[in-house]
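J.: need coordinates for the following:
(chains A and B)
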Amino acid sequence: MTASSEVRAPGAGREPDALDVAAIRADFPILDRTVRGGNPLIYLDSGATSQKPRQVLDAEREFYATRNAAAHRGAHLLGEEATDAYEGARAKVAAFLGGEAGEIVFTKSATESINLIAYAMSNAATAGPESARFAIGPGDEVLVTEMEHHANLVPWQQLCVRTGATLRWFPVTPEGRLDLSDIGALINPRTKLVAVTHQSNVTGTVPPVSQIAAAAHAVGALVVVDGAQSVPHRPVRVAELGADFLAFSGHKMLGPSGVGVLWARRELLEAMPPFIYGGSMIEVVRMEGSTFLPPPDRFEGGVPAAAQAVGLAAACDYLDRLGMANVAAHEEALTEHALAALAEIDGLRILGPLSTDQRGGAVSFVLDEIHPHDVGQVLDELGIAVRTGHHCAWPLHRALGAQASTRATFYVYNTHDEVEALADGIRQARKFFGVA
Amino acid sequence: MELGSMYQDIILDHYRRPMHAGLREPFDAEVHHVNPTCGDEVTLRVTLKDADGEAAVADVSYEALGCSISQASVSMMTELVIGKPVSEAMDVSAEFLALMQSRGEAEPDEDVLGDAVAFEGVSRYPARIKCALLGWMAWKDATARALTERGDASLESAAAADGGREQK
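T.: Predicted structure coming up:
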């Protein structure tokens, strides 16, 4: 994220948009919808799931219509074409990150990707000497943060329950940043793994991942980065990230639901035991025992979700054509606008940083005397889709002193007019509930 | 705005001035229920008494955090069950559940549901049904536990039949 020198007032001398949003919106059929009595849809919930351009819809449909077969199986032509499509998608996703195809494992989602690592570690106890570096037990520590989405918290918490390891965490400051003051104690020789978000889905905060990763590697710990809210929204290069593992989901980056990615350093994948067992991931199977394929296949049990992988590759193409730096610049402008517009509303508290410095496009807030669920209902009535609740980050909400919040998230198809509509809708909610 | 059918004045009244709020002693059972999708939560206590040989609701006390629908519903629930025999209160609960599942099609009976007929509008917004039911589920759960304490097996099984999900 670029540092922002000032927060501009809404509407005041904005630079030309980094994206041609009108042209982009024309690619998204769902944006033609009206909701709740004829209101145009104002979709501010891409942090939950993104809408899909017709290029992604067409790619998935085209696969089913012309090339559908079970990849990695069968000697027939369709099987070859399906395999090519699937492996081509893998290469496309790798290139999107600046990585290698052999480092890409297709999963169902970021949540499954992170569980894959956690279960590989608990499976390492019984998997043989080559997996020893992943074994974890009493006396070992897993370090997370209070800022995490449940997907990058609960699997580690439960890994500790399963193995007897100890869970520790970086706290969050009232401003919504990670509190690294105790990093010297929290990252120590007993630390086996550090898991941290690349961008908070609640506050938009971008923690100093490279700094944390360097400290983790210095003690020999593995580094897992949750990229669910970063990979879709700004340029991410795995060579610069410093992580050992990066997890993200297709459906949050214009791709289909049901496909996610685990990027991991090759030598780690080669030593990890599997998580999901079955067909496709085996080498030899006898009743008495089985051996397993090299990665990434070792971690892709079952018939591949080839159509979804093809859809994700089309999403990578779409984003590459826009340019991820442009996507990030567009979102930064919307976020800046939203932070300024919402700051002008009485009784509204934004959770997290108040500038776009090291802060991405999730704006969550609480309103005096009106519960988020009720705020969301009024906004819904106006056609504005936001998320209400704790957004799968319950400990973060407690740390920020909020029982629940209302969250708007921005993406390539959102406009400054929509930000204004959000602010206006919040004001209407205050009037409706007799607070203004 | 169409929302007036859901956010009727009576509902907003109960939200702003909830009836029987606060946690009181003595009590027979306490539960803590949450709505994981939105963070609504309620801690609720039930005290039973004997009325002509059957169990009756002496008091329901609670601490609740959440949206106007969930808060108003808990408040109205206490008005509807306190003082009634448990079996009759269970009937009211079933009537309310039916109203919430009616998708705006039901004609609620004001003699049975009192102020809670106002929730008919809520039933047209499926995302809010769990909000409206949170307090009732907590009450049924707490009552089932209180009946167990008393050894009242027949009513306990009726209470537990579609009683809520207890979260510690």
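
J.: residue nearest the centroid of the chain?
T.: All of this refers to chain A. Closest to where the C-alpha atoms of chain A average out (CA atoms, centre = their mean) is A:A228, at 0.8 Å.

J.: wrong chain, I was asking about chain B
T.: B:W136 (2.5 Å).

J.: average pLDDT for stretch A:398-411?
T.: Stretch A:398-411 shows an average pLDDT of 96 in the prediction.

J.: would you put the C-alpha positions of that stretch in CSV?
T.: Output of stretch A:398-411 as CSV, limited to C-alpha atoms (Å, rounded to 0.1, in the frame of the first residue of the first chain):
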residue,chain,number,x,y,z
ARG,A,398,-13.6,-8.1,21.5
ALA,A,399,-10.1,-6.6,21.3
LEU,A,400,-11.6,-3.5,19.6
GLY,A,401,-14.4,-3.2,22.1
ALA,A,402,-17.2,-4.0,19.7
GLN,A,403,-19.8,-6.6,20.1
ALA,A,404,-20.5,-6.6,16.3
SER,A,405,-20.0,-4.2,13.4
THR,A,406,-21.2,-3.2,10.0
ARG,A,407,-18.7,-3.7,7.2
ALA,A,408,-18.3,-2.3,3.7
THR,A,409,-15.7,-3.8,1.4
PHE,A,410,-14.7,-2.4,-2.0
TYR,A,411,-13.6,-4.0,-5.3
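
J.: re earlier: the helix or strand the residue nearest to the centre of chain B falls within close to chain A?
T.: In this assignment (DSSP states H and E), B:W136 forms part of helix B:129-150. Yes - using CB under 8 Å from any CB of the partner chain, helix B:129-150 reaches chain A at B:C131. Where C-beta positions appear, they are placed from N, C-alpha and C, glycine not excepted.

J.: next one: that helix to chain centre, how far?
T.: Per CA atoms, centre = their mean, to the nearest Å, the displacement of helix B:129-150 from the mean C-alpha position of its chain is 7 Å.

J.: which residues of the stretch 251-400 of chain A lie near chain B?
T.: Counting by CB under 8 Å from any CB, the residues of the stretch 251-400 of chain A close to chain B are A:371-374, A:377-378, A:381, A:388-390, A:394, A:397.

J.: try it again at 6 Å.
T.: Proximity of the stretch 251-400 of chain A to chain B, by CB under 6 Å from any CB of the partner chain, involves residues A:371, A:373-374, A:381, A:389-390.

J.: in a markdown table: those, plus neighbour count, secondary structure and pLDDT.
T.: Below are these laid out as a markdown table (neighbours: other CB atoms under 10 Å in any protein chain shown; DSSP: H, G, I helix; E, B strand; the rest coil; pLDDT from 0 to 100):
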| residue | neighbour count | secondary structure | pLDDT |
| --- | --- | --- | --- |
| A:H371 | 28 | coil | 95 |
| A:H373 | 24 | helix | 95 |
| A:D374 | 28 | helix | 96 |
| A:E381 | 21 | helix | 96 |
| A:G389 | 23 | strand | 94 |
| A:H390 | 24 | coil | 94 |
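
J.: how many neighbouring residues does the closest residue to chain B within the stretch 101-250 of chain A have?
T.: Among all residues of the stretch 101-250 of chain A, A:H150 sits closest to chain B, at 10.1 Å; criterion: CB to the nearest CB. By other CB atoms under 10 Å in any protein chain shown, 16 other residues sit near A:H150.

J.: quick check: closest non-adjacent residue to it.
T.: In space, and not counting its chain neighbours, A:H150 is closest to A:C392: 4.5 Å by CB to CB, 6 or more residues apart in numbering or on different chains.
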